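Enquirer: Need a 3D model of the following:
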Amino acid sequence: MKNDPNFAAAVRTGYDRWAAVYDHDDNPLQALEEPALRVRLGDVRGQAVLDLWCGTGRHALWLAAQGAQVTALDFSPGMLEQARAKPGAAAVNFLCHDLRLALPLADASFDQVVSGLVLEHLEDLPPCSARWSACYVRRDAYS
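Expert: The predicted structure is shown next:
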């Protein structure tokens, strides 16, 4: 996402509007992404997982149902409203936050980071993804 505040506000407004139908618009990318992501994540029971730009919570809620301790961030209040209204949402710590800004989280506090259908919105992908994994994933998560 561009670092222009007007552009960011327009994108946020668009996602707020999309939120009401997001889960019902038959987005084919979700059907392609979910099985691959779930295999990649493996057994998440007992893990702390960060879901960045969680949208309506499809990954966050699945992760929590599998026994993960989930923190999920999104910059769209509309998307978070939809996520918080779903069954199982009480098990997820949903936070509203603009991911272009520093995350309000402690370093090395997660075993895995998930970010579904988001990366295409970031201008500086390598610095963002490197910062997220270096700062927030525990060093011993994969040992």
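
Enquirer: Now do the strands in this structure.
Expert: If DSSP state E is used as the criterion, the strands of the chain fall at 48-52, 69-74, 92-96, 112-114.

Enquirer: Which one of these lies nearest to Asp26?
Expert: The closest of the strands of the chain to Asp26 is strand 69-74. By Cβ to Cβ, the value is 21.1 Å. All C-beta atoms are positioned from the backbone trio N, CA, C, and that covers glycine.

Enquirer: quick one on the thing from earlier: could I get the strands of the chain as a markdown table with mean pLDDT?
Expert: As requested, these are exported to a markdown table (pLDDT from 0 to 100):
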| stretch | mean pLDDT |
| --- | --- |
| strand 48-52 | 93 |
| strand 69-74 | 95 |
| strand 92-96 | 97 |
| strand 112-114 | 88 |
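
Enquirer: can you list the ones you listed in TSV and add mean neighbour count?
Expert: Formatted as TSV, the strands of the chain follow (neighbours: other Cβ atoms under 10 Å):
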stretch	mean neighbour count
strand 48-52	24
strand 69-74	24
strand 92-96	17
strand 112-114	20
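
Enquirer: burial of Val36, as a residue count?
Expert: Not quite, residue 36 is Ala, not Val. Neighbour count of Ala36, defined by other Cβ atoms under 10 Å: 9.

Enquirer: Low-confidence ranges, this structure, go.
Expert: Within the chain, the stretches falling below the threshold (pLDDT under 70) are 1-3, 14-16, 18-19, 22-25, 27-30, 117-143.

Enquirer: in it, which spans are helices?
Expert: For the chain, the helices defined by DSSP state H cover 5-22, 28-41, 58-65, 77-84, 125-136.

Enquirer: one step back: quick one: closest of the strands of the chain to Ala31.
Expert: Across these, closest to Ala31 is strand 112-114 (Cβ to Cβ), at 16.9 Å.

Enquirer: so what does that closest one touch, helix or strand wise?
Expert: With contacts defined as 3 or more Cβ pairs under 8 Å, 6 or more residues apart in numbering; DSSP states H and E, strand 112-114 has these neighbours: helix 28-41, strand 48-52, helix 125-136.

Enquirer: could you redo the last one with a cut-off of 10 Å?
Expert: Contacts defined by 3 or more Cβ pairs under 10 Å, 6 or more residues apart in numbering; DSSP states H and E place strand 112-114 against helix 28-41, strand 48-52, helix 58-65, helix 125-136.
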